[in-house]
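Asks: The following block contains a protein sequence and its predicted model.
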Amino acid sequence: MKTLSHRILVMGVSGSGKSHIGRQLALIAGATFIDGDDHHSPANVAKMSSGIPLNDNDRSEWLDTLATLLADYQMQDLSLVIACSGLKKRYRDRLREGDPALHILYLEGRRELLLQRLENRAGHFFKGDTMLASQLADLEPPGDEEAFNASISLSPKKIVDQFSATLALLGSKPSYREK
């Protein structure tokens, strides 16, 4: 019996644990994991590394790239987990153009916890309170959209287990691939 394929967006502001949880979810789902940050243009990475927040124009090509990846996986009936901030509804709508059946896991947390995580994170271009404040200002949490909300105060395992149960993924064969 063929397992059902899923395309999943793990969204939230920087520091919410998108990449960590996305990798764990991909393992359970037998999906490929893609970190959306790996698909930013060099200009966007340089801008963020300088502490300058991205705007809608900066994110446009990036979202197009991620939507194309979603469409490719959907056409091949393959499972995919993408970690991407997906801050605004229109960004998520753009991603859904790649796969209208996109499942969303929204990682939400208090500003203080997010800032603490960012301050303890090494080796990432996203830094500081100004950048976090910009993302929180841009954030349009899924409201009328179908999404699973999870508090980042829960353990990553608990978040993954709860979301996986909603998709009946726990019975899938583990098979981890990262692009």
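Replies: That came through fine.
Asks: Next secondary structure element downstream of the host helix or strand of residue 57?
Replies: In the assignment (DSSP states H and E), residue 57 maps to helix 56-75. Proceeding N to C from helix 56-75, the next assigned helix or strand is strand 80-83, under DSSP H and E.
Asks: Sheet-wise, list the partners of that next one with their directions.
Replies: Applying DSSP bridges, strand 80-83 is found paired with strand 7-11 (parallel), strand 32-35 (parallel).
Asks: Turn those into a markdown table, columns for mean neighbour count, distance to residue 101 and mean pLDDT.
Replies: For every residue, glycine as well, the C-beta is placed using N, CA and C. Compiled in a markdown table, those are given as follows (neighbours: other Cβ atoms under 10 Å; distance: least, Cβ to Cβ, whole Å; pLDDT from 0 to 100):
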| stretch | mean neighbour count | distance to residue 101 | mean pLDDT |
| --- | --- | --- | --- |
| strand 7-11 | 28 | 7 | 96 |
| strand 32-35 | 20 | 17 | 97 |
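Asks: how near is the residue nearest to residue 104 when sequence neighbours are not counted to residue 96?
Replies: With Cβ to Cβ, 6 or more residues apart in numbering as the measure, residue 147 is the residue that lies nearest to residue 104, at 3.9 Å, once sequence neighbours are left out. As defined by Cβ to Cβ, to the nearest Å, residue 147 lies at a distance of 11 Å from residue 96.
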